[in-house]
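[1] Build me a model:
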Amino acid sequence: MPSRLMASLALAVLVAGVGAAATAGAASPAKPRARDLGVPFDGTPGPLNAITDVEGVLVGHTTLISGDGRLVVGKGPIRTGVTAVLPRDLAGMMSHFAFAGWYAQNGSGEMTGTAWVEESGFLEGPVMITNTHSVGVVHDAVIAWRVAHGPADATDYWWSTPVVAETWDGWLNDINGFHVKPEHVFRALESAHGGAVEEGNVGGGTGMICYGFKGGIGTSSRKLPEKDGGYTVGVLAQCNYSGSSRRNLRIAGIPVGREIPGTEPYTGLPSDLAEGGSIIVVVATNAPLLPHQLKRIARRVTLGLGRTGAIGGNDSGDLFIAFSTGNPRASEIDHGPVDVRMVPNDSMDPLFAATVQATEESIVNAMVAATDMTGVDGHQVQALPHAALRAVLARYHRLVK
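    I've put the predicted structure just below:
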């Protein structure tokens, strides 16, 4: 039997066998977002205020939640998952690579495949996000999925270095139980869709913590005015600034974390000065940018993090990747010059601003969408309380409705 057919059959069997604990992410329009609570932000969002406002970009989640009580390694409790961000549809992604650039603000984390992104300037597949100890299985599963869904490269070699990133969810999840399986990766890829993106306790963000509150997945976008090209910038973040204490949290410029009483999840103390945790940020744009320009975009993510109070502590893995859906034919092999377009460097400031603004809002959206969670050994993490947030913003005259 041909290897590709065997791989396709294996894929079908694995997807069909996903257990009841796994759920594919689907949008939940009834859940409020930061703007719904009256949080003010700079810039004009796209129609969905999501990374999927960049035409062609798809997002899929597989969320794994099961079990309660004491930790039994290999059995749970399970609070984890995997998220897939596709720069194009399933077929186009593998035949028309996206120009990309990446940046590490602090490297206490992992994002595989970035050596080839740096060398080639291309993102050759999806960006996958999961928990720290599931990077390997997700990496292998993406390769298996690619074998099942596309031909070898132009030289007839099977060769792939997927981009897989992680943050640590071991406070709530049985992280050493290795509960993310290939079938969960396949489901995240196969369920990837445009439109509204589910946020909060979903996908790779299921068990994450942010500024001492429940974190997870968040997204936002900005639409540039026509005088600046009319381009769209979209951001998706997996927020796990778990060691970045709540006293640092700033929303709309206000020290919200100091105004809302509570204890740090890890220490149980009213305030913890430790700076750790991690965050993965994916930036997408339809602006025709070259790889060196996309690296410049990725660097601007740090300024969005700074707006929320982050300092990039020693133990934090702050890893960012940016890609462009422009120049879709740049990777075609015709053994001749390829014509590409680019935004002039001196016209990039609006794109930089959009990246900063959408990053900030994505982080806040992740926290607003998240809900309280109890995980291993009864560890509890409180979500950011909406009424308290509104009260603080009103007290500082920053509530917009």
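[2] so where do the strands sit in the stretch 101-250 of the chain?
    Here the stretch 101-250 of the chain has its strands, by DSSP state E, counting those that start in this stretch, at 122-123, 127-131, 163-167, 209-210, 213-214, 216-223, 232-240.
[3] Now R70. Nearest residue, chain neighbours left out?
    Nearest non-adjacent residue to R70, counting by CB to CB, 6 or more residues apart in numbering: D377, 5.8 Å away. From N, CA and C alone the C-beta is placed, and that goes for glycine too.
[4] Spell out for me which residue occupies the centre of this protein.
    Geometric centre of the chain, nearest residue: A237, 3.6 Å, by CA atoms, centre = their mean.
[5] any idea how far R33 lies from S191?
    In this view, R33 and S191 are 21 Å apart by CB to CB, to the nearest Å.
[6] Kindly present the strands of the stretch 101-250 of the chain as a markdown table, with separate columns for distance to L303 and mean pLDDT.
    Formatted as a markdown table, those follow (distance: least, CB to CB, whole Å; pLDDT from 0 to 100):
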| stretch | distance to L303 | mean pLDDT |
| --- | --- | --- |
| strand 122-123 | 22 | 96 |
| strand 127-131 | 21 | 98 |
| strand 163-167 | 20 | 98 |
| strand 209-210 | 18 | 94 |
| strand 213-214 | 22 | 94 |
| strand 216-223 | 14 | 98 |
| strand 232-240 | 12 | 97 |
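[7] Looking at those strands, which is nearest to A91?
    Taking CB to CB, strand 122-123 is the member of the strands of the stretch 101-250 of the chain nearest to A91, at 15.8 Å.
[8] what's the closest one packed up against?
    Contacts defined by 3 or more CB pairs under 8 Å, 6 or more residues apart in numbering; DSSP states H and E place strand 122-123 against strand 98-107.
[9] Give the pairing partners of the strand it packs on; include direction for each.
    For strand 98-107, the paired strands and their directions (DSSP bridges) are strand 122-123 (antiparallel), strand 317-324 (antiparallel).
[10] deepest of those, which one?
    Highest mean neighbour count among these (mean count of other CB atoms under 10 Å): strand 317-324, with a mean of 28.
[11] The closest residue to L393 other than its chain neighbours: which element?
    Nearest residue to L393, sequence neighbours excluded (CB to CB, 6+ apart): L399, at 4.2 Å. Using DSSP states H and E, L399 sits within no helix or strand.
[12] need the contact list for L399.
    38-40, 390, 393 (CB atoms under 8 Å, 6 or more residues apart in numbering).
[13] ok, 10 Å please
    37-40, 252, 254, 389-393 (CB atoms under 10 Å, 6 or more residues apart in numbering).
[14] Next: R79.
    With CB under 10 Å, 6+ apart, R79 has these contacts: 63-67, 131, 169-175, 179, 201, 206-208, 373-376, 379, 381.
[15] now with 8 Å?
    64-65, 169, 172-173, 206-207, 373, 375-376.
[16] Poorly predicted segments of the protein, please.
    Under the criterion pLDDT under 70, the flagged ranges of the chain are 1-30, 152-157, 242-244, 267-276, 335.
[17] Mind naming the longest helix for it?
    helix 349-369 (DSSP state H).
[18] and that helix, which residues are buried?
    350-351, 353-369 (16 or more other CB atoms under 10 Å).
[19] what's it packed up against?
    If you count contacts as 3+ CB pairs under 8 Å, 6+ apart, helix 349-369 packs onto strand 209-210, strand 216-223, strand 232-240, strand 278-285, helix 291-307.
[20] rewinding a little: can you lay out the strands of the stretch 101-250 of the chain as JSON lines showing distance to V72?
    Formatted as JSON lines, the strands of the stretch 101-250 of the chain follow (distance: least, CB to CB, whole Å):
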{"stretch": "strand 122-123", "distance to V72": "39"}
{"stretch": "strand 127-131", "distance to V72": "18"}
{"stretch": "strand 163-167", "distance to V72": "23"}
{"stretch": "strand 209-210", "distance to V72": "22"}
{"stretch": "strand 213-214", "distance to V72": "23"}
{"stretch": "strand 216-223", "distance to V72": "24"}
{"stretch": "strand 232-240", "distance to V72": "23"}
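[21] Looking at those strands, which is nearest to N49?
    When those are compared by CB to CB, strand 216-223 sits nearest N49, at 5.5 Å.
[22] in that closest one, what's buried?
    Buried, per 16+ other CB under 10 Å, within strand 216-223: 216-223.
[23] Give me the angle between that strand and strand 127-131.
    150 degrees (axes from the mean of the first three to the mean of the last three CA atoms, to 10 degrees).
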